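J.: just a sequence and a predicted model for now, questions to come.
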Amino acid sequence: MIQIQDKTKCCGCEACVNVCTHKAITMQEDERGFLYPTVDESLCTNCRLCNSVCAFGSDKPVTNTERQDVYAVKNKNIIQLKESTSGGAFSALAQWILNKGGTVYGSAWNENMMPIHIRIQKVDDLPKLQGSKYVQSQIGGCLPLVKADLREGKQVLFSGTPCQCAGLRAYLKQDYENLVCVELICHGVPSARFLRNYLDVLEDKVRGKIIDLKFRDKKRGWGALLHATYKKTSGTIKHIYLSIGESYYYYYYYYWGGNLYRPSCYNCKYATSQRASDFTIGDYWGVKNTHPDFDTKLGVSVLLANTIKAHDIIKQLSNYLDIIPSSIELAQRENGQLVSASHHNTGLDKLWNIYEKEGAKGLDKYYSRTHRKTIFKSKLKRKIPLWLKLIIKHIR
């Protein structure tokens, strides 16, 4: 049976849970909220199927890359572009699949604002999957649904972190021509419980229930603005916008993420130019320098086509995307996870100590006390009108 002795060897992809025909494996939280497989020995038959699909823990190298073409892309649909985190590459791929009568799987918020993978079949449902979640999504029972769709001959797009995509491929145990895997350029993932506890603190402050969350709202352009939608007890819907420095979760993720990620993230075998999926997508940071003629106001995606299948699909996306050829060398300049995994900053373990002893409220108080200047500057900066920011930037 699968046994996790070393937490750096488990990415939480849930392939082992889904492959177990006896339902002997469940995902259980550790003290920091990260999920790990636990085996009910009374149900286990020692068939070892769980071990056979453990792609992350195996010694097999990442070898899925057949041909790698790199592009800077931007969605032609302005609505989808505004709702996307960067250039809307995922939305274009998803719409292409849905228009062919296919299904799309990706991360969405559930009613408790916890990230879960869901299946959609309509373009109208696409906004549920758009936007970065900055937390690990629970796969749940999606993998058998993917297999069923594929066997019925449907076109399927599955999106997730590189380890989740690799977990799906290991679970399927064969290649499907009608499957398109789209992975993120992933820095690492905090636990869903860590985020939920932060939202509890935020709900206390706004005195309402958060019903939607966008980590990269584009109200003030392509950047990093947290947008929470919440409902008051009266039923009134309100919104709150926070810059990175005003949110301890966002600040620690963005600047101190090297201490808050899942242990396996610092040992990620997929953080390299060799990729495990058909497509790899992310923000094209530094695109103003590498492709200065590209309009970047609402974001630009870097899109890696890693397989022959992906290369053929790119040819069919001209109606959905503005596409400019680029290179892996240019994309790697400001996307470090195309080179190596995130570094674990052990000197910042005090954050976990505070969280485990005093909870999210204690961590919020610690942040408010130790980062007063950061919070003040962030609030001040957020209140400067966008048009004035653009003038100041132009003068510089």
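T.: Happy to help now that I have it. Numbers count the residues shown, from 1 in each chain.
J.: how about the secondary structure of residue 26?
T.: strand (DSSP: H, G, I helix; E, B strand; the rest coil).
J.: please, where are all the helices along the stretch 101-250 of the chain?
T.: For the stretch 101-250 of the chain, helices defined by DSSP state H, counting those that start in this stretch occupy the ranges 142-151, 162-172, 192-206, 248-256.
J.: and those helices, which is most packed in?
T.: Comparing the helices of the stretch 101-250 of the chain by mean neighbour count (mean count of other Cβ atoms under 10 Å), helix 162-172 ranks first with a mean of 25. In short, each C-beta sits where N, CA and C put it, glycine included.
J.: tabulate the helices of the stretch 101-250 of the chain (JSON lines), appending distance to residue 125.
T.: As requested, these are exported to JSON lines (distance: least, Cβ to Cβ, whole Å):
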{"stretch": "helix 142-151", "distance to residue 125": "15"}
{"stretch": "helix 162-172", "distance to residue 125": "20"}
{"stretch": "helix 192-206", "distance to residue 125": "22"}
{"stretch": "helix 248-256", "distance to residue 125": "27"}
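J.: worst average pLDDT in those?
T.: Of all the helices of the stretch 101-250 of the chain, helix 248-256 carries the lowest average pLDDT, namely a mean of 87.
J.: ok and it relative to helix 192-206, angle-wise?
T.: 130 degrees (axes from the mean of the first three to the mean of the last three Cα atoms, to 10 degrees).
J.: so where's the chain uncertain?
T.: Flagging of the chain using pLDDT under 70 yields the residue ranges 257-258, 347, 385-396.
J.: ok, residues contacting the biggest helix by length in it?
T.: Across the chain, the helix with the greatest residue count (assigned by DSSP state H) is helix 350-370. Defining contact as Cβ atoms under 8 Å, 6 or more residues apart in numbering, one finds that helix 350-370 is touched by 31-32, 194, 197-198, 200-201, 248, 251-252, 256, 259-260, 375.
J.: beta-bridge partners for the closest residue to residue 87 other than its chain neighbours, please?
T.: What sits nearest to residue 87 in space, not counting adjacent residues and going by Cβ to Cβ, 6 or more residues apart in numbering, is residue 301, at 3.2 Å. Taking DSSP bridges as the rule, residue 301 bridges to residue 73, residue 283.
J.: residue 301 touches residue 73, doesn't it?
T.: Yes - the pair residue 301 / residue 73 is scored as a contact, 5.1 Å apart, by Cβ atoms under 8 Å.
J.: name the residues contacting each of those two.
T.: With Cβ under 8 Å, 6+ apart, residue 301 and residue 73 have common neighbours 87, 89.
J.: before we move on, the earlier item: any idea how far the residue nearest to residue 87 lies from residue 181?
T.: Distance, residue 301 to residue 181, by Cβ to Cβ, to the nearest Å: 16 Å.
J.: what does residue 81 give?
T.: For residue 81, the distance to residue 181 - Cβ to Cβ - is 23 Å.
J.: those two: who's more crowded?
T.: Taking other Cβ atoms under 10 Å, residue 81 and residue 181 do not tie; residue 181 has more neighbours (28 against 23).
J.: residue contacts, the more buried one?
T.: So residue 181 contacts 157-159, 165, 168-169, 276-279 (Cβ under 8 Å, 6+ apart).
J.: and if you look at residue 278?
T.: 180-182, 305-307, 309-310, 313.
J.: what's the answer for residue 50, then?
T.: Shown in contact with residue 50 (Cβ under 8 Å, 6+ apart): 1-2, 16, 19-20, 25, 37, 39.
J.: what's the answer for residue 167, then?
T.: Residue 167 neighbours (Cβ under 8 Å, 6+ apart): 11, 13-15, 53, 55-56, 139, 143.
J.: touching, residue 159 and residue 186? I think so.
T.: No - taking Cβ under 8 Å as the definition, residue 159 is not a contact partner of residue 186, at 11.6 Å.
J.: what's the spacing between the closest residue to residue 75 other than its chain neighbours and residue 289?
T.: Ranked by Cβ to Cβ, 6+ apart and with sequence neighbours excluded, the top spatial neighbour of residue 75 is residue 88, at 2.9 Å. Separation of residue 88 from residue 289 (Cβ to Cβ) stands at 21 Å.
J.: likewise for residue 120?
T.: 36 Å.
J.: just residue 137 next, same as before
T.: Distance, residue 137 to residue 289, using Cβ to Cβ: 32 Å.
J.: ok, residue 7 next?
T.: Taking Cβ to Cβ, one finds residue 7 at 38 Å from residue 289.
J.: and residue 82, by the same measure?
T.: According to Cβ to Cβ, residue 82 and residue 289 sit 24 Å apart.
J.: who has more neighbours, the two?
T.: Each of residue 82 and residue 289 has its neighbours counted (other Cβ under 10 Å); residue 82 has more, 15 against 10.
J.: quick check: chain neighbours aside, which residue is closest to the more buried one?
T.: residue 218 (5.5 Å).
J.: which ones are touching residue 190?
T.: 134-136, 249, 253, 257, 260-262.
J.: ok, now residue 349?
T.: Taking Cβ under 8 Å, 6+ apart as the test, what residue 349 contacts is residue 259.
J.: torsion angles phi and psi at it?
T.: phi -60, psi -10 (degrees, to the nearest 10).
J.: if you count neighbours, what's buried in stretch 14-34?
T.: By neighbour count on 16 or more other Cβ atoms under 10 Å, the buried set for stretch 14-34 is 14-20, 24-25, 27, 32-34.
J.: cool, and stretch 70-78?
T.: 70-75, 77.
J.: show residues contacting that stretch.
T.: Applying Cβ under 8 Å, 6+ apart, the contact partners of stretch 70-78 are 81, 84, 87-89, 91-92, 95, 284, 287, 290-291, 294-295, 298-305, 314, 319-328, 330-331.
J.: just the CA atoms of that stretch, as PDB, please.
T.: Coordinates of each C-alpha in stretch 70-78 appear next as PDB, following Å, rounded to 0.1, in the frame of the first residue of the first chain:
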ATOM      1  CA  VAL A  70       7.000  29.200 -27.200                       C
ATOM      2  CA  TYR A  71       4.600  32.100 -27.800                       C
ATOM      3  CA  ALA A  72       3.400  35.400 -26.300                       C
ATOM      4  CA  VAL A  73      -0.400  35.400 -26.600                       C
ATOM      5  CA  LYS A  74      -3.400  37.500 -25.800                       C
ATOM      6  CA  ASN A  75      -7.000  36.600 -26.000                       C
ATOM      7  CA  LYS A  76      -9.000  38.500 -28.700                       C
ATOM      8  CA  ASN A  77     -12.200  38.400 -26.600                       C
ATOM      9  CA  ILE A  78     -11.900  41.500 -24.400                       C
END
